[in-house]
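*Asks:* need the 3D shape of this:
(4 chains)
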2 protein chains.
Amino acid sequence: MKKVTIHDIAKELDIAFSTVARALNDHPAISDTTKRSVRETAQRLGYRQNKIASSLRSGQSNTIGIIVPSLDVSFFSSVVHGIEKIMNENGYSILLYQSNESQEGEKKGIETFLDSRVAGIIASVAKGTTTYEHFAEIQRRRIPFLFFDRAIEALQVPSVTIDDYKGGFLATEHLIRQGYKRIVHITARQSMDIFTERMRGYVDALKRHDLPVDERLILYGDFSLDFGRQCIRELCQHEVDFDAVFALEDFTAMGALQQLLAYNVRVPEDVGVIGFANESFAALVTPGLSSIDQQTEEMGEAAAALFLRMLRSDDLYDNPPQRVVLEPHLIVRASTARNSA
Amino acid sequence: MKKVTIHDIAKELDIAFSTVARALNDHPAISDTTKRSVRETAQRLGYRQNKIASSLRSGQSNTIGIIVPSLDVSFFSSVVHGIEKIMNENGYSILLYQSNESQEGEKKGIETFLDSRVAGIIASVAKGTTTYEHFAEIQRRRIPFLFFDRAIEALQVPSVTIDDYKGGFLATEHLIRQGYKRIVHITARQSMDIFTERMRGYVDALKRHDLPVDERLILYGDFSLDFGRQCIRELCQHEVDFDAVFALEDFTAMGALQQLLAYNVRVPEDVGVIGFANESFAALVTPGLSSIDQQTEEMGEAAAALFLRMLRSDDLYDNPPQRVVLEPHLIVRASTARNSA
DNA sequence: TTGAAAGCGCTAACAA
DNA sequence: TTGTTAGCGCTTTCAA
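*Replies:* Just a heads-up that it's a prediction; the model follows:
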């Protein structure tokens, strides 16, 4: 099959190729008769518009780039799912790039997107990112640019995040209300806004309820199921007294939960456990894992909605960046459901 | 920031713009001196190649399109993760499209990809797909085209799948070896190759072990957690005698498992349960859910590897399509681990 | 309502 | 080793 262009259609109908172009684009100045015959011929010849040529000439692109750390993390694939859905409904295509949690990957992704002349970029920052020059490059080109979930406060970039501080506060306060008093918090060794915010919420909730903030109850590490188990083992070895665990995310919480059960500690009677993210397994395990829901669906939709507004705005970089902050939701399950004191 | 083109660099250095283009593309005929000064100037001016123009002119694209039913299904996001990783390492970008399990969506995705002149298309078929004309269109244009997981046998299209028949056989045979004799199979109402194959494996395993195939033990429906629960309820209501459940996928198996536990049926002592897909929660629930692992990592890699070969082949459509079939792995967990008879 | 013509930024054949 | 030139397929201005 040869490539069919507007010239072929024009030749077939013996009209100018620019007329064909206009007819296909539903230009108001073209007669219905012409439009009909052009469309019929296009169909018959198997014509497909060449978006490459169209983009080059018009300087417009209907492709947007999304950079996520990894699609293997359900939170990200879920948000991308939401964004793709809505952007697609609005006529945009999605170029996808995984940074693999490295700054180098992130930089390469941005360069690829810049070269591809995307209409805009949506990103969630990699763990390994320490400098911001690659993001600044996007801003310098005045391309619509949005962070979701893992944003960089220091940059003047619009963002859609959830209130991690509040999430940490809610989780901790819930434990306190259930009567737990010596609450362990497992957090990340590397500093990342979302995790330090969750910890800040934890600390403030303790203070609010006149509970002491005990440094021995705050554990730093690489988050993972195994690290959660390890935390419990170490707490027990050092005979640290605790009656609840708030982990920075669900896998770590799950590890803690498993190790507690392995030690024949009763959950939630003896020790309560709560995670963060409300992963799909949280509802399926026994006991059900309490967690903080991150509103992935809403986040995707909010990100897409804000981004569409940004794409349509023409004074985007003249206004202060809009920051949408979603409300985290406390999900109470069996792992913290003890009859409170 | 103005758009910088090779003309700007040429003007700056007072050389021909084609020399600039060659220098940037590391053309062998250009002197190192020129290359160096061109690159230095490009860097200084903030030049970025316009891939749109490059693609239009060369007729080559380094973008490939992937169509999946939904990124919200961890199996698909996991495979896309693998494909993106490898294609990216080989210099390709990924355009992503979700069909939302509808044929209409699938068709739209293909049209978008065709218009975008992607170098090739990788797809996993939507549940709702009943006709194949939209796929035929890809073949007609002789574009590299590959199915993964959900392939259409009737079309002459290369594919990477797992051996669903064998998966069904393995699951069923495992149950039989554990001493279960009256094995329920929950399958999908709509006919889809992967599910009918799993059922064929179930039937053949029963026959191989001289067990009767009882139609009352084969349940058809929409797969979901709720449907799994419903199946158990109906079996009990109708007082059907059974001692094991093999569900077409893990969520349905999980629903069955939950309902059994709610009825105080002991798993695995009274009834064994096995799923399919080895979702991440299968290892985390109690009792652990036995399952068939689908090798998502391997599937992504195999799909990318085969596709790269296809992209490099120039007589792609002259040879019979290659079909890679991966081996499913039986994962035994507590839900079927009874001391066998 | 339609046509003619220019040009988006690049690649590549041909010439020098 | 470099320059000249002709498009890739389209959008869009200007003219008819």
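
*Asks:* ok so A:Val325 is a helix residue?
*Replies:* No: according to DSSP: H, G, I helix; E, B strand; the rest coil, A:Val325 belongs to no helix; its state is strand.

*Asks:* burial of it, as a residue count?
*Replies:* Residues lying near A:Val325 (other C-beta atoms under 10 Å in any protein chain shown) number 14. Every C-beta, even on glycine, is put in place using the N, C-alpha and C of the backbone.

*Asks:* what about the closest residue to it other than its chain neighbours, neighbour count?
*Replies:* Once flanking residues are discounted, A:Val325 sits nearest to A:Asp163: 5.1 Å by C-beta to C-beta, 6 or more residues apart in numbering or on different chains. A:Asp163 has 15 neighbours, counted by other C-beta under 10 Å.

*Asks:* check what pLDDT A:Asp163 gets.
*Replies:* Looking at A:Asp163, its pLDDT stands at 97.

*Asks:* just want the residue of the stretch 101-250 of chain A that's nearest DNA strand D.
*Replies:* DNA strand D sits closest to A:Arg117 of the stretch 101-250 of chain A, with a gap of 13.0 Å, by C-beta to the nearest atom of the strand.

*Asks:* what's the helix or strand for that residue?
*Replies:* Using DSSP states H and E, A:Arg117 falls within no helix or strand.

*Asks:* what about A:Leu95, neighbour count?
*Replies:* With other C-beta under 10 Å as criterion, A:Leu95 counts 21.

*Asks:* same check, this time on A:Leu211
*Replies:* A:Leu211 - counted by other C-beta under 10 Å - has 15 other residues nearby.

*Asks:* residue of the stretch 51-200 of chain A closest to chain B, please.
*Replies:* A:Ser77 (3.5 Å; C-beta to the nearest C-beta).

*Asks:* I'd say that residue and B:Ser70 touch.
*Replies:* No: using C-beta atoms under 8 Å as the test, A:Ser77 is too far from B:Ser70 to be in contact (9.5 Å).

*Asks:* which of those two has more neighbours?
*Replies:* A:Ser77 (24 against 18).

*Asks:* would you list the phi and psi of that one?
*Replies:* Phi and psi for A:Ser77, reported as degrees, to the nearest 10, are phi -60, psi -30.

*Asks:* per-residue pLDDT, it?
*Replies:* 96.

*Asks:* could you do the one 3 residues further on as well?
*Replies:* For A:Val80, the pLDDT comes out at 98.

*Asks:* contacts only, for it.
*Replies:* A:Val80 makes contacts with A:66, A:68, A:71, A:94, A:96, A:300, B:71, B:77, B:96, as judged by C-beta atoms under 8 Å, 6 or more residues apart in numbering or on different chains.

*Asks:* is chain B contacted by the helix or strand where the fourth one lies?
*Replies:* If I follow you right, that is A:Ile94. Per DSSP H and E, A:Ile94 falls inside strand A:93-98. Yes: residues of strand A:93-98 contacting chain B under C-beta under 8 Å from any C-beta of the partner chain: A:93-98.

*Asks:* nearest to A:Asp8, of those residues?
*Replies:* For the residues of strand A:93-98 next to chain B, the minimum distance to A:Asp8 (C-beta to C-beta) is 25.5 Å, reached by A:Ser93.

*Asks:* what's the neighbour count on the closest one?
*Replies:* 24.

*Asks:* with A:Ala151 as the reference, measure out to the nearest residue to it once chain neighbours are set aside.
*Replies:* Counting by C-beta to C-beta, 6+ apart, A:Ser93 lies nearest to A:Thr63, which is 4.7 Å off, once chain neighbours are set aside. In this view, A:Thr63 and A:Ala151 are 23 Å apart by C-beta to C-beta, to the nearest Å.

*Asks:* can you check A:Val271 too?
*Replies:* 34 Å.

*Asks:* and the two? Which one has more around it.
*Replies:* A:Val271 (26 against 21).

*Asks:* does that one really touch A:Val265, like I thought?
*Replies:* Yes: the criterion here is C-beta under 8 Å, and A:Val271 meets it with A:Val265 at 5.4 Å.

*Asks:* residue contacts, A:Met192?
*Replies:* A:127, A:150.

*Asks:* got the residues of the stretch 151-300 of chain A near chain B?
*Replies:* So far as C-beta under 8 Å from any C-beta goes, the stretch 151-300 of chain A lies against chain B at A:254, A:280-281, A:284-286.

*Asks:* CA atoms only for stretch A:287-301, dumped as PDB, please.
*Replies:* Provided in PDB are the C-alpha atoms of stretch A:287-301 (Å, rounded to 0.1, in the frame of the first residue of the first chain):
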ATOM      1  CA  PRO A 287      -6.300  -8.700  59.500                       C
ATOM      2  CA  GLY A 288      -7.200  -6.000  57.000                       C
ATOM      3  CA  LEU A 289      -4.600  -3.300  57.000                       C
ATOM      4  CA  SER A 290      -5.700   0.200  58.000                       C
ATOM      5  CA  SER A 291      -4.300   2.800  55.700                       C
ATOM      6  CA  ILE A 292      -4.500   6.300  54.300                       C
ATOM      7  CA  ASP A 293      -6.000   6.400  50.800                       C
ATOM      8  CA  GLN A 294      -4.200   8.600  48.400                       C
ATOM      9  CA  GLN A 295      -7.100   9.200  46.000                       C
ATOM     10  CA  THR A 296      -5.300   7.900  42.900                       C
ATOM     11  CA  GLU A 297      -8.300   8.100  40.800                       C
ATOM     12  CA  GLU A 298      -9.000  11.700  41.900                       C
ATOM     13  CA  MET A 299      -5.400  12.600  41.500                       C
ATOM     14  CA  GLY A 300      -5.200  11.500  37.900                       C
ATOM     15  CA  GLU A 301      -8.400  13.400  37.100                       C
END
